[in-house]
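Trainee: sequence and predicted structure, then a few things I'm wondering about:
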Amino acid sequence: QAITERTVLIVGSASSYAHGVVDPIVELGRIAHERGIWLHVDGCIGGFVLPYFRRFGATVPAFDFSVQGVTSISMDLHKYAFCPKGASVVLYRSKAHRRHQLFACSAWTGYTMLNTTVQSSKGAGPMAAAWAVLQYIGDEGYERYCKALYETKNQLVEGIRGISGLAVMGDPEMCLVAFTAEDINVFGIADEMRARGYYIQPQLEFGPSKANLHLSINPSNAAVTQEFLRELRSATEKVAAEPDPSSHIDVDALLSSMPEGNLGESLPMILSALGSQSGRLPDRLALVNSVLNRMPRAVSHELLLSYVNDLFVPED
């Protein structure tokens with residue numbers, strides 16, 4: 001329904017970062033093929049790992065050039081290929097598609113330019129380093145790493161689903177897991193887990209996605225999976241028994257007191273209401289995240305920008 005005569009391409013993820021779920025690439029490919037437009041698959045975080053997961057029997061939806069309609073695929077080697085940043089990959093279905101990326105110019109007084117990338121100057125260092133890492137780890141090494149990722153992901157999904165009050169969001173194909181909570185402040189769980197030595201990434205509510213906590217699983221996490229689940233169960237039970245730290249904050253009143261045109265001016269007032277001292281955030285961020293979660297995104301964006309901008313001001 002969003003496609004018009006001005007649509008250049010449509011994009012799907014394999015997988016999405018937030019929930020680790022592969023978009024319906026086959027269905028998107030069918031639409032792209034029927035409408036005669038491009039379909040780009042953003043495989044930045046899953047493109048390298050998901051094919052290995054298939055080797056272990058995982059049901060991974062098709063997302064590559066086997067899908068009619070897919071015209072290009074991108075992947076970041078600095079994520080689960082463990083390479084340095086600066087050596088991402090983009091693949092095209094055909095030479096005809098790839099030709100649009102190339103740039104040539106001889107209509108000027110200087111040398112004839114012919115570039116294969118959008119950037120004219122691209123350092124060879126990251127590419128050489130990526131090649132070295134790929135060669136050093138090799139297919140067998142990546143298979144070993146990915147097996148640990150796949151097994152850890154399955155154990156975490158099963159374990160979280162077994163904790164009362166928690167719910168895994170979707171059915172993640174990738175080793176990225178998001179979970180939410182019913183009648184429990186998920187941001188409080190993040191604080192409690194951080195106090196126990198585990199960092200869990202808070203994710204605010206957006207559209208149909210509830211406020212949740214995100215896990216990006218790495219091979220080093222495999223050894224502590226069961227310990228993590230025990231701590232998560234204990235932390236969830238503790239937070240469930242405590243009052244919601246944001247229950248006394250009237251977000252509507254805060255919003256109505258903000259000046260129009262420059263929301264950054266209200267930042268000191270907001271920080272004070274959140275228990276901040278001298279502009280410093282509290283050690284536990286459940287209250288901050290809870291209030292941000294209940295604000296319109298345009299407001300939370302402006303407040304976040306203002307806060308970070310105020311951090312880098314030279315003293316008089």
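Mentor: It's in.

Trainee: how far away is the residue nearest to L102 when sequence neighbours are not counted from V49?
Mentor: The shortest distance from L102 to any non-neighbouring residue, by Cβ to Cβ, 6 or more residues apart in numbering, is to T116 (5.9 Å). For every residue, glycine as well, the C-beta is placed using N, CA and C. As defined by Cβ to Cβ, to the nearest Å, T116 lies at a distance of 26 Å from V49.

Trainee: and these two? Which one has more around it.
Mentor: Under the neighbour definition other Cβ atoms under 10 Å, T116 and V49 were set side by side, and V49 has more, 25 against 10.

Trainee: and that one, how far from P61?
Mentor: 14 Å.

Trainee: what of F53?
Mentor: For F53, the distance to P61 - Cβ to Cβ - is 11 Å.

Trainee: okay, now stretch 189-209: how far is its last residue from its first?
Mentor: In stretch 189-209, first residue to last residue: 18 Å (Cα to Cα, to the nearest Å).

Trainee: pLDDT on that stretch, on average?
Mentor: The pLDDT scores in stretch 189-209 average 96.

Trainee: return the set of buried residues in it.
Mentor: Neighbour counts using 16 or more other Cβ atoms under 10 Å place I189, A190, D191, E192, M193, Y198, I200, P202, Q203, L204, S209 of stretch 189-209 among the buried residues.

Trainee: dump stretch 59-71 to CSV, keeping only the CA atoms.
Mentor: This file holds the C-alpha atoms of stretch 59-71, laid out as CSV (Å, rounded to 0.1, in the frame of the first residue of the first chain):
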residue,chain,number,x,y,z
THR,A,59,14.5,-22.9,10.3
VAL,A,60,15.7,-19.7,8.8
PRO,A,61,13.4,-17.9,6.3
ALA,A,62,14.9,-17.5,2.8
PHE,A,63,16.5,-14.0,2.4
ASP,A,64,19.2,-14.3,-0.3
PHE,A,65,19.2,-14.4,-4.1
SER,A,66,17.3,-17.6,-4.1
VAL,A,67,14.3,-15.3,-3.5
GLN,A,68,12.9,-13.9,-6.7
GLY,A,69,12.8,-10.1,-6.4
VAL,A,70,15.8,-9.7,-4.1
THR,A,71,18.2,-7.4,-6.0
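
Trainee: buried residues of that stretch, list them for me.
Mentor: Residues V60, P61, F63, D64, F65, V67, G69, V70, T71 are the ones in stretch 59-71 that count as buried (16+ other Cβ under 10 Å).

Trainee: try stretch 80-100
Mentor: Buried residues in stretch 80-100 (16+ other Cβ under 10 Å): Y80, A81, F82, C83, G86, A87, L91, Y92, R93.

Trainee: can you redo the buried residues of stretch 189-209 as JSON lines with secondary structure and distance to D244?
Mentor: Converted to JSON lines, the buried residues of stretch 189-209 look like this (DSSP: H, G, I helix; E, B strand; the rest coil; distance: Cβ to Cβ, whole Å):
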{"residue": "I189", "secondary structure": "helix", "distance to D244": "12"}
{"residue": "A190", "secondary structure": "helix", "distance to D244": "14"}
{"residue": "D191", "secondary structure": "helix", "distance to D244": "13"}
{"residue": "E192", "secondary structure": "helix", "distance to D244": "14"}
{"residue": "M193", "secondary structure": "helix", "distance to D244": "17"}
{"residue": "Y198", "secondary structure": "coil", "distance to D244": "22"}
{"residue": "I200", "secondary structure": "coil", "distance to D244": "18"}
{"residue": "P202", "secondary structure": "strand", "distance to D244": "15"}
{"residue": "Q203", "secondary structure": "strand", "distance to D244": "18"}
{"residue": "L204", "secondary structure": "coil", "distance to D244": "16"}
{"residue": "S209", "secondary structure": "strand", "distance to D244": "20"}
